[in-house]
Each structure stands twice: as structure tokens, then as C-alpha cells.
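[1] One predicted model, sequence on top.
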Amino acid sequence: MPDPTLDTTAPAKIILFGEHAVVYGEPAIAVPVASLQASAVIQPSEDGFKIIAHDLDAAIVRYDPQLIREPLQRTLTLLQQHTGQSLPDVEIHLRSSIPMASGLGSGAAISTALARAVTQAMGTPLSNETLNNIIFEVEKIHHGTPSGIDNTVIVYEQPIYYVRNCPIERLKIGHPFKLIIGDTGKKALTHVAVGDVRALMESQPEQTQQHISAIGEITVAARADIERGRIHDLGHLMHENHRLLKELTVSSPELDRFVDGALAAGAIGAKMSGGGRGGNMIALVDEQHSEAVMQALKRAGAVNLIETLVY
Ligand code: PMV
């Protein structure tokens, strides 16, 4: 009988402040989105290790160490290297309700759920610190030079104030607040936007650095407001952060339209989130305006809306 304790999960994530600037050493704030999850269920297997990827038409994935640019394979290779063990004779059923390629960390969450399942089945569960290092390596396949914020929030499942190469700081939430995540439905590759900001940094270093530093200051101020529960003060910080990301060329007409629509419908604040050029935006709302903001985002063309409470 499979041991039900071997089922593992990992949440989605969303960045609240500091995306892109975090690549240059500025802080960023991100939180888990618990309503969206990747999960792995372990069952005994009669024909060796295999993964059943239910969101890819139940495709059966066998281990192939040659496929070094494939995230699941890379995860399996790193786990075996780290534990010194070969893969156990189990089948792992992988599922995810997290939309892909839209800045919600779907890849990192799937790899995290898989890694937890495999190492539990091996009898060698990993510490969050070790797991985080492994998922960071996997993230490099897609993101090139990731800051590490995605894997950190997903592995630790906590709101985080993140500075590259610094110890992880848990963010205290002074007062719970509600976010609506609006999906433009436009897929965008984070590493392309990150590369374009890097090109901007080379062609216009002074101005770009000013924008990056200003985003860092906003994130520091946002941390203080979040920790003290001053939720209404976050509105203008989100507005400013969005404006600066626009200057860095990583917003898009859709994202701008969503942000304007959410604000006109009474959101406390709104901004794009993650790599940009598409993907998701977030609106900070109070109960009174929540429904109106959702309707406004639908009218603006949102293909998916997720409500999440940050606490
Ligand atoms: O697109 P997302 O949500 O995976 O976020 C990327 C965040 C960036 O700051 C743009 C890049 C990074 O590695 O931190």
C-alpha cells in the first residue's frame, strides 16, 4: 500500500514588489499562492521509476540523464547526485493547477513537489535549504540567470523579503490583505525581459540604474508598510513600482490596461508582476471593491482571475 504521507505539494508564488531590480541586488517581496498547487502522489511501481505527468495528457516520463535541458530530468539527476542513491521503484503522479509560463512559478513548484516525493520515497527527505539550492539549479534552465526568488518562496511556502545571496528573511504580515491576480493570457518568457533590461543597463546605464535603485527603495518602504499593517499605503508604492517597470520596458499594453482598469474600479493599488510583457498583474483590494475590480479585469480581457489572501 502506498503511504499517504508520501504525497507532497508545493504552492504557486506571486511577486509583490521588486521584480527585475532583484536581479541587480535590490530586495524583492513575494508570497505563496496556496490556492494553486503542484502535487506529487507516490505509488509502488512494478516496472521501475516513472513519472505520470497528468497535466501533459498523462505522459509517462522515464529517467533519461541525457536530457539535461529538461527540468524534470535535471531535478532527478541533481537529486541522485546529492543523495548518492538511485531512483526508487515508484511511480509518481504529478499534477499542477498552476498556469504555466505566466509568472506564477509553475516550473519551480512542479520540480519542488517532485523532489520532495522522490527523496521521501528514498527515505532521505531534504532540508528546505538543500532543496532550495537544487531547485535554483533547475530554474537556470528556463531563466538563465534567475535571482532565486521564485524557488525560495515556493520551497519555504512563506512570504519572503528576498535579497540575492543574503540569508532568507521571512516577511511578517501586520494585517492580512487580499490580492486579485489577473492573467493577460499572453505568454511571455522571463529571460527575454530580463535580457532586455540588461541591454538597457548597457546602453543607458545611469538612467537604468536610477530606476533599479528607485524600485529597491519602494520595496524597502513596502516591507515596512506590510509589517506594520499599513495596507492603504501600499497603493502609491505599487503605482510607482509599475511606472518604473514601464520605464524599464517590461510592461505591455495589456498589463497597463489591466492596471488602469483595476484602479478605476477602486483597487487600492495595482501593478504588473514577475517578468512582464504579458503574464500576470496584481490588484490590492478591500472587500468592498473586490467584485468590481474582478469585473473590470474581466472586461479588460483577463483570461483567469485568482483571489488570494496574504496572511
Ligand atoms: O516571471 P517570474 O514571476 O518568474 O519572475 C521573474 C522575476 C524577475 O525578477 C524578473 C527575474 C528573477 O530571476 O528574479
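    Nice, thanks for sending it over.
[2] In the chain, which helix is the longest?
    Ranked by number of residues, the top helix in the chain under DSSP state H is helix 205-228.
[3] Can you dump the C-alpha atoms of it in CSV for me?
    Once non-C-alpha atoms are left out, helix 205-228 reads as follows in CSV (Å, rounded to 0.1, in the frame of the first residue of the first chain):
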residue,chain,number,x,y,z
PRO,A,205,23.5,52.7,-17.5
GLU,A,206,22.8,55.8,-15.5
GLN,A,207,19.1,56.1,-16.0
THR,A,208,18.5,52.4,-15.8
GLN,A,209,20.5,52.1,-12.5
GLN,A,210,18.4,55.0,-11.2
HIS,A,211,15.2,53.1,-12.0
ILE,A,212,16.5,49.9,-10.4
SER,A,213,17.6,51.8,-7.2
ALA,A,214,14.2,53.5,-7.0
ILE,A,215,12.4,50.2,-7.2
GLY,A,216,14.7,49.0,-4.4
GLU,A,217,13.6,51.9,-2.2
ILE,A,218,10.0,51.3,-2.9
THR,A,219,10.4,47.6,-1.8
VAL,A,220,12.1,48.7,1.4
ALA,A,221,9.1,51.1,2.1
ALA,A,222,6.6,48.4,1.2
ARG,A,223,8.2,46.0,3.6
ALA,A,224,7.7,48.5,6.5
ASP,A,225,4.1,49.1,5.5
ILE,A,226,3.3,45.4,5.2
GLU,A,227,4.9,44.6,8.5
ARG,A,228,3.0,47.4,10.2
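[4] which bits of the stretch 101-250 of the chain sit near the ligand?
    Residues of the stretch 101-250 of the chain lying close to the ligand (Cβ under 6 Å from any ligand atom) are 103, 143, 146, 147, 149, 150, 190, 194. No exception for glycine: its C-beta is placed from N, CA and C like everyone else's.
[5] Out of those, who's the most crowded?
    Counting neighbours by other Cβ atoms under 10 Å, residue 150 leads these with 28 neighbours.
[6] residue contacts, it?
    Neighbouring residues of residue 150 by Cβ atoms under 8 Å, 6 or more residues apart in numbering: 13, 30, 105, 108, 139, 143.
[7] 7 Å instead?
    Residues in contact with residue 150 (Cβ atoms under 7 Å, 6 or more residues apart in numbering) are 13, 105, 108, 139.
[8] Next: residue 77.
    residue 65.
[9] Which helix or which strand is home to it?
    Per DSSP states H and E, residue 77 falls inside helix 71-83.
[10] again, but for residue 235
    According to DSSP H and E, residue 235 maps onto helix 234-247.
[11] Please name the spatially closest residue to the residue in the chain positioned nearest to the ligand (chain neighbours excluded).
    Distance from the ligand to each residue of the chain (Cβ to the nearest ligand atom) is smallest for residue 274, at 2.7 Å. Distances taken as Cβ to Cβ, 6 or more residues apart in numbering place residue 103 nearest to residue 274, at 2.7 Å, with adjacent residues excluded.
[12] Dump stretch 78-93 to PDB, keeping only the CA atoms.
    Extracted C-alpha coordinates of stretch 78-93, given in PDB (Å, rounded to 0.1, in the frame of the first residue of the first chain):
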ATOM      1  CA  LEU A  78      20.600  16.500  -9.100                       C
ATOM      2  CA  LEU A  79      18.700  14.500  -6.500                       C
ATOM      3  CA  GLN A  80      20.600  11.400  -7.300                       C
ATOM      4  CA  GLN A  81      23.900  13.300  -7.200                       C
ATOM      5  CA  HIS A  82      23.000  14.900  -3.900                       C
ATOM      6  CA  THR A  83      21.800  11.700  -2.100                       C
ATOM      7  CA  GLY A  84      24.100   9.200  -3.800                       C
ATOM      8  CA  GLN A  85      21.100   7.000  -4.300                       C
ATOM      9  CA  SER A  86      19.500   5.800  -7.500                       C
ATOM     10  CA  LEU A  87      15.800   6.400  -8.200                       C
ATOM     11  CA  PRO A  88      13.400   4.300  -6.100                       C
ATOM     12  CA  ASP A  89      10.900   1.800  -7.700                       C
ATOM     13  CA  VAL A  90       7.900   4.000  -7.600                       C
ATOM     14  CA  GLU A  91       5.500   5.800  -9.900                       C
ATOM     15  CA  ILE A  92       5.000   9.400  -9.200                       C
ATOM     16  CA  HIS A  93       1.700  11.100 -10.300                       C
END
